[in-house]
Structure formats: C-alpha cells, structure tokens
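Visitor: Provided below for reference: sequence and predicted model.
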Amino acid sequence: MSWGGQATDLLDWPIFGGSAPHASWHNHRPGVDAMVTAPLDTRSFRKTVGHFVTGVTVVVFEDGEGVTRAMTANSFTSLSLEPPLVLFCVGKESRTGQAIHEATRFSINILAEHQRDLSQFFAGAWRSAELPAFNFVDWAGRPRLEGCAAALACDLYAIHEGGDHWIVVGRVIGVETCQSETRPLVFFRGGYGMLAPGGAVAGV
C-alpha cells in the first residue's frame, strides 16, 4: 500500500491616483525587516515556502483495482464555496500521483496534533518496524481515516497540470468534524508543531 474565502481589500482608497492623508508605506520598525536575498534554486525555494504554516492532511482513495491508497499532503486548500471545491497537489512521478487518475472519489482527512506518526507513515518517512495504529472506515463509498480532527468527502472534479505535480480538484459532498476540542497538527519550516494556547505555533 502506498499510503476560500472572500478576499478583502486592506485599503478602501486607490493606491495610485488617490490620497490618504495619514497613510504611509514606510511605517517601519527598526530591526523587524531583516530579509536576506538568496539565490533561487530548489533548496531556497522549498525553504522559503516552508515559512508558510499549514495543517497536515491524509488523502485516501481507492485505485482502479480497489486498493486503498493514502498519502500525506500539506498542499491542500479550499478553492470555491459555490460549488464547494477543494484541491491538493501530488507529485506526478509518485505512485499516488499516477494512481489518482483512476480514482473517482476520495476523502481528505485533517490530522489532529496527536497523529504525527500517521503523517510520517503516509509520507513514506516511517522508520520503525512496528506500524502505527490506524483504521479506514467506509464513508459514502470512499475510505476515511478514523480519529482525525475533520474530514471532507469529495468526488473527483478535475485534474490540472502544475509543473511536476498534478493539481487535483475535488467537489465536496460531505464533511465531518470531531466533537471534542481537537487541535490540528501543524507543519512549519520542515517540522511539526501544534497550536499553543492563544494561537501561537509551538514546535514538537
């Protein structure tokens, strides 16, 4: 096995050709902006986008032969409210990236903070001989991972080219959320974290 919202303008006056008597684009606090320019290569690109904090999901589906496949993905986002659409990205050369074309439906499972081991396992980074405990259950004709913070049941809507990845769009037909106050697993700068009280991200 292999395992949206509406944008709001920050300013209600034109940037060019308008005026704002008390506005300034140079409200700078000394010592805050310590940016460093790096040469653009694969490593610097990955490191830079790693500053964007994400949650962690596991995408689960059945391939054309009925085999359950699952993969860890943090390249996940909502896309549209009408119709309700979400997307995730998967490498074209991966086994999951090749098998996703055989799927007609899938689930996206948002991991809770205690499920770091499942994130590593379904990412192919598990190094222990003992497998982590997990279970898939049937959910509206597609497998769902038990014990997550939330889950979305999706029908395959479209697959688009995205460089060396496929951009997979799903139409959401159902949602589930954990009844308890479950905090999500967080990924930041190549490592895992959790939401601390007050909303700060703490490393684990």
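Guide: Structure received. Numbers count the residues shown, from 1 in each chain.
Visitor: tell me the gap between stretch 70-80 and the middle of its chain.
Guide: 4 Å (CA atoms, centre = their mean, to the nearest Å).
Visitor: ok, and for it, which residues are buried?
Guide: Ala70, Met71, Thr72, Ala73, Asn74, Ser75, Phe76, Leu79 (16 or more other CB atoms under 10 Å). Using the backbone N, CA and C atoms, a C-beta is placed for each residue, glycine as well.
Visitor: remind me which residues of the protein are low pLDDT?
Guide: Applying pLDDT under 70 to the chain picks out residues 1-33, 49-52, 190, 196-204.
Visitor: which residue ranges of it form strands?
Guide: Counting by DSSP state E, the chain has these strands, from start to end: 54-55, 57-62, 68-73, 76-80, 85-91, 105-110, 136-139, 142-145, 150-162, 165-177, 185-188, 191-195, 201-203.
Visitor: and the spatially closest residue to Thr48 that is not a sequence neighbour, how far is that from Phe187?
Guide: Residue nearest to Thr48 in three dimensions, not counting chain neighbours: Ala38, with 7.6 Å by CB to CB, 6 or more residues apart in numbering. Taking CB to CB, to the nearest Å as the measure, Ala38 falls 21 Å from Phe187.
Visitor: before we move on, back to that, check contacts around the residue nearest to Thr48.
Guide: Taking CB atoms under 8 Å, 6 or more residues apart in numbering, we find Ala38 in contact with Ser44, Lys47, Thr48.
Visitor: and if you look at Asn109?
Guide: For Asn109, the contacting residues are Thr57, Val58, Val59, Val60, Arg144, Leu145, Cys148, Ala150, Ala151, by CB under 8 Å, 6+ apart.
Visitor: Cys178 is in contact with Glu146, isn't it?
Guide: No - at 10.7 Å, Cys178 does not count as touching Glu146 under the criterion of CB atoms under 8 Å.
Visitor: so Trp139 touches Cys154, yeah?
Guide: No - Trp139 is beyond contact range of Cys154, at 10.8 Å (criterion: CB under 8 Å).
Visitor: more crowded one of the two?
Guide: Neighbour comparison, Trp139 and Cys154: the larger count goes to Cys154, with 28 against 18 (by other CB atoms under 10 Å).
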